[in-house]
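Participant: what's the 3D shape of this:
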Amino acid sequence: MPTPQSPKLTLGQLAPDFTLPADDGTNVTLSALRGRPVVVYFYPRDDTPGCTVQACDFRDRNEVFTRDLDAVVLGISADGASAHQRFRKKYELNFTLLTDESKDVMRAYGAFGRKVLYGREYDGILRSTFLVDAQGVLARAWPKVSIKGHADEVMAAVRQLPR
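Facilitator: Residues are numbered from 1 along each chain as shown. The predicted structure is shown next:
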């Protein structure tokens, strides 16, 4: 069954708002975080090699994101809270993981769609990152993330935001 075309997000528009369950049992609403930049990254699955490297890179830089840049990092996948809790504990992740089981938020951000692996096409989560500024505006987008060096690239973009 074909996937509906993903919406085109435009830099400078308000980021699509969402409320999703977090790994700690609370709900997180993007618009409630206004006043601080927010890094929203979508990843395919907890505790897989690429996703682990990406999460650990954000973990290792999270103190700079939060303390020096007053930014929030949110990781989103379709995994449930228990998988997120295991992943977070195993790798000592120090930022919030959110669950989008319906994939509605992923679709709103264009982070779910057609993928090809070994010649096989299927619908899946597209590794992508979005930077939302303190006013809730989409400031940067990385629709096809290359894991190596990505957290540093995102950090540099947060540094460039107006204060």
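Participant: quick one: the helices in the protein?
Facilitator: Assigned by DSSP state H, the helices in the chain fall at 49-63, 81-91, 104-108, 150-160.
Participant: between these, which one is closest to residue 137.
Facilitator: Residue 137 lies closest to helix 150-160 among those, at 13.3 Å (Cβ to Cβ). Using the backbone N, CA and C atoms, a C-beta is placed for each residue, glycine as well.
Participant: contacting residues around the closest one?
Facilitator: With contact meaning Cβ atoms under 8 Å, 6 or more residues apart in numbering, helix 150-160 is reached by 37, 39, 41, 54, 57-58, 60-61, 64-65, 69, 71, 129, 131, 139-140, 142.
Participant: just want the angle from it to helix 49-63.
Facilitator: 30 degrees (axes from the mean of the first three to the mean of the last three Cα atoms, to 10 degrees).
Participant: can you list the buried residues in helix 150-160?
Facilitator: Under the neighbour-count criterion of 16 or more other Cβ atoms under 10 Å, helix 150-160 has 150-151, 154-155, 157-158 buried.
Participant: separation between residue 104 and residue 85?
Facilitator: 22 Å (Cβ to Cβ, to the nearest Å).
Participant: so for the two, which sits in the more crowded spot?
Facilitator: With neighbours defined as other Cβ atoms under 10 Å, residue 104 and residue 85 compare such that residue 85 has more, 16 against 13.
Participant: burial measure for the closest residue to that one other than its chain neighbours, as a count.
Facilitator: With sequence-adjacent residues excluded and distances taken as Cβ to Cβ, 6 or more residues apart in numbering, residue 85 is closest to residue 23, at 5.3 Å. Residue 23 has 25 neighbours, counted by other Cβ under 10 Å.
Participant: give the contact list for residue 23.
Facilitator: With contact taken as Cβ under 8 Å, 6+ apart, residue 23 is in contact with 81, 84-85, 88, 96-99.
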